[in-house]
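Novice: based on what follows, work out the 3D shape:
(chains A and B)
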2 protein chains.
Amino acid sequence: MTRTLYDLCGRDERLRFSPYCWRVRMALAHKGLDFDTVAWRFEDKQALAFADYDKVPVLCDNDQVITDSFDILRYLDNTYPHAPVLGEGTSFQRVLFFKHFVERSINSALFRLVAMDLLMAIHPDDRAYFRETREARFGARLEEVHDPDGARKQLAMLLAPVRDQLAQTAFLDGEAPSGADYLLFGSLMWAYTVSLETLGEANAPVEAWFQRMLAVHGGVAGQAITIRDLV
Amino acid sequence: MTRTLYDLCGRDERLRFSPYCWRVRMALAHKGLDFDTVAWRFEDKQALAFADYDKVPVLCDNDQVITDSFDILRYLDNTYPHAPVLGEGTSFQRVLFFKHFVERSINSALFRLVAMDLLMAIHPDDRAYFRETREARFGARLEEVHDPDGARKQLAMLLAPVRDQLAQTAFLDGEAPSGADYLLFGSLMWAYTVSLETLGEANAPVEAWFQRMLAVHGGVAGQAITIRDLV
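Specialist: Numbers count the residues shown, from 1 in each chain, chains lettered A, B, ... in the order given. Model (predicted):
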């Protein structure tokens, strides 16, 4: 019985910051499933050839190989149906919307918050690749994309519905965390692991929820190595 | 057996544009529940004194009086549990987030799209009240808040996750419309009934979904009187 997650690492192999890998880590913790990780870097496409894929996360679950973080979450729900993270039917549809909300609206604002921190966090050998692909995506130099104050203003607006939700329940999915929480949390871990930038005062309730999330499932995320631990 | 919805009307009593009333109308249609409406105007607070409330929608379902559109949807699910619109548990939590998304992010952009059209659509006796309350909320004159091009730009960004969702399924909640669809649809009916402004080219898939929504449940929304029908 082996379960292995290919997981993006940074300049220090222990620095794990991929938002898509973090959502998988949290889903595995949610279900109480043990796993090992293989540290992977952007340029190491060969190492994923077996999966016919060029990005992480890739999960190897015994003889199954699953790519794409959301597909992995769905696979985990199908294979280990206790404690569902995405759910089925209308519940699934609604968390699918939330995934789009996180990936489309939140992730691009977060990228602007920590673009240069990300560049410094990744392995020197990966930086040219990172700069080229991200600058093509944003149509601007990373130095211009990086705009923490502008990003905080945008996040104050974009996260308003998240704050409304957290004013009513401790977690997005209710009194205990589930799929929606892991999707947003993964993205915030991305910023938290590589940067000292905060979400800003307007998002204090989101920061408080983030702290609660660091503590769930035995504090698995709270024990992560971050930029604060590296000199 | 009587069921009565107090419903906001405009300068023509047949013009019904409240986003919150439209979500209730669609939920009633979803469940196949007949109802009458009572046309109500902003200044007519006395008419709602029986409900100890000062806004619509108010639903009278036999001897039950329910206020607040989302509470009405929840009441309908509890009282008429066939064909749920909000659902329960995690499904409910996730549509609650979607409600916050619609009310916080989408509605304020839509208001900027049609602010002056709204002013002209409401009854002349209501306009001073409308102007005063909305200008206090936005901290600016309605003439300044009204910015269709700016609103379209904002909606192109804010509705990106909705477009992603509609690229995968015909309705937000899956292959048939449900609660999330009615929440967003109500808001778009608000703009559609009072204005000729469109969402813009970027949101063509959202406009196509809106057309599908006009046709569902026997075309109940498609038959609504709009500004196009009034001279």
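
Novice: could I get the full set of strands for chain A?
Specialist: Ranges of strands within chain A are A:3-8, A:36-40, A:58-61, A:64-67, based on DSSP state E.

Novice: so what strands line up beside the last one?
Specialist: Just to be clear, that refers to strand A:64-67. strand A:58-61 (antiparallel) (DSSP bridges).

Novice: most packed of the strands of chain A?
Specialist: Ranked by mean neighbour count, the strands of chain A are led by strand A:58-61 with a mean of 23 (mean count of other CB atoms under 10 Å in any protein chain shown). Where C-beta positions appear, they are placed from N, C-alpha and C, glycine not excepted.

Novice: any idea of the mean pLDDT in that strand?
Specialist: Average pLDDT, strand A:58-61: 98.

Novice: so how far is A:L110 from the most centrally placed residue in chain A?
Specialist: Central residue of chain A (CA atoms, centre = their mean): A:P19, 1.7 Å from the mean position. Here A:P19 is placed at a distance of 8 Å from A:L110 (CB to CB, to the nearest Å).

Novice: and for these two, which residues touch both?
Specialist: Common contact partners of A:P19 and A:L110 (CB atoms under 8 Å, 6 or more residues apart in numbering or on different chains): A:187, A:190.

Novice: what sits against the closest residue to A:M26 other than its chain neighbours?
Specialist: Leaving aside its chain neighbours, A:M26 sits nearest to A:Y182 (4.1 Å; criterion: CB to CB, 6 or more residues apart in numbering or on different chains). Residues near A:Y182 by CB under 8 Å, 6+ apart: A:22-23, A:26-27, A:30, A:73, A:85.

Novice: kindly recompute the last result at 7 Å.
Specialist: A:23, A:26-27, A:85 (CB atoms under 7 Å, 6 or more residues apart in numbering or on different chains).

Novice: distance from the chain centre to stretch A:192-202, please.
Specialist: In terms of CA atoms, centre = their mean, to the nearest Å, the centre of stretch A:192-202 is set 15 Å apart from its chain centre.

Novice: now do that stretch, average pLDDT.
Specialist: Regarding stretch A:192-202, the rounded mean pLDDT is 97.

Novice: likewise stretch A:29-42?
Specialist: Rounded mean pLDDT across stretch A:29-42 is 97.

Novice: dump the contacts of A:Y182 to CSV, plus neighbour count and distance to B:F92.
Specialist: Shown next, in CSV, are those (neighbours: other CB atoms under 10 Å in any protein chain shown; distance: CB to CB, whole Å):
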residue, neighbour count, distance to B:F92
A:R23, 27, 22
A:M26, 26, 22
A:A27, 28, 21
A:V85, 26, 17
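
Novice: out of the residues you listed, which are inside helices?
Specialist: Among these, the members falling in helices (DSSP state H) are A:23, A:26-27.

Novice: which residues sit in contact with the nearest residue to A:G87 once chain neighbours are set aside?
Specialist: Counting by CB to CB, 6+ apart, B:T90 is the residue found nearest to A:G87 once chain neighbours are left out, at 5.6 Å. B:T90 sits next to A:87, A:91, A:173-174, A:178 when contact means CB under 7 Å, 6+ apart.

Novice: between these, which is nearest chain B?
Specialist: In terms of CB to the nearest CB, no member of the contacts of B:T90 lies closer to chain B than A:S91, at 3.9 Å.

Novice: which residues touch the closest one?
Specialist: So A:S91 contacts B:90-91, B:94 (CB under 7 Å, 6+ apart).

Novice: looking at the residues you listed, which are in helices?
Specialist: Judged by DSSP H, those include B:90-91, B:94 as members of helices.

Novice: of those, which is the nearest to A:G139?
Specialist: Ranked by distance to A:G139 (CB to CB), the ones in helices among the contacts of A:S91 are led by B:R94 at 33.3 Å.

Novice: surely the closest one is in contact with A:A180?
Specialist: Yes. Between B:R94 and A:A180 there is a contact under CB atoms under 7 Å: 6.2 Å.

Novice: pull up the overlap in contacts between the two.
Specialist: A:95, A:98.

Novice: which one of those two has more residues nearby?
Specialist: The residue with more neighbours, out of B:R94 and A:A180, is B:R94; 30 against 27, by other CB atoms under 10 Å in any protein chain shown.

Novice: just give the nearest non-adjacent residue to that one, would you?
Specialist: A:R94 (3.5 Å).

Novice: and A:V56, what does it touch?
Specialist: A:V56 makes contact with A:6-8, A:18, A:21, A:40, according to CB under 7 Å, 6+ apart.

Novice: residues from chain A in reach of chain B?
Specialist: A:87, A:90-91, A:93-98, A:100-101, A:104-105, A:160-161, A:164-165, A:169, A:172-174, A:178, A:180 (CB under 7 Å from any CB of the partner chain).

Novice: buried subset of those?
Specialist: Neighbour-count burial (16 or more other CB atoms under 10 Å in any protein chain shown) is assigned, among these, to A:87, A:90-91, A:93-98, A:100-101, A:104-105, A:160-161, A:164-165, A:172-174, A:178, A:180.

Novice: which residues in chain A form helices?
Specialist: Going by DSSP H, chain A shows helices at A:19-30, A:69-79, A:89-100, A:107-121, A:127-138, A:142-145, A:148-158, A:160-166, A:179-194, A:204-219.

Novice: and the fourth one, what does it pack against?
Specialist: Spelled out, it's helix A:107-121. helix A:127-138, helix A:142-145, helix A:148-158, helix A:179-194 (3 or more CB pairs under 7 Å, 6 or more residues apart in numbering or on different chains; DSSP states H and E).

Novice: buried deepest among those, which one?
Specialist: Ranked by mean neighbours (mean count of other CB under 10 Å), the helices and strands packed on helix A:107-121 are led by helix A:179-194, with a mean of 26.

Novice: that older thread, can you list the contacts of B:T90 in a markdown table and add distance to B:A224 and pLDDT?
Specialist: Formatted as a markdown table, the contacts of B:T90 follow (distance: CB to CB, whole Å; pLDDT from 0 to 100):
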| residue | distance to B:A224 | pLDDT |
| --- | --- | --- |
| A:G87 | 34 | 98 |
| A:S91 | 31 | 98 |
| A:D173 | 35 | 98 |
| A:G174 | 36 | 98 |
| A:S178 | 38 | 98 |
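
Novice: with that, I have no additional questions.
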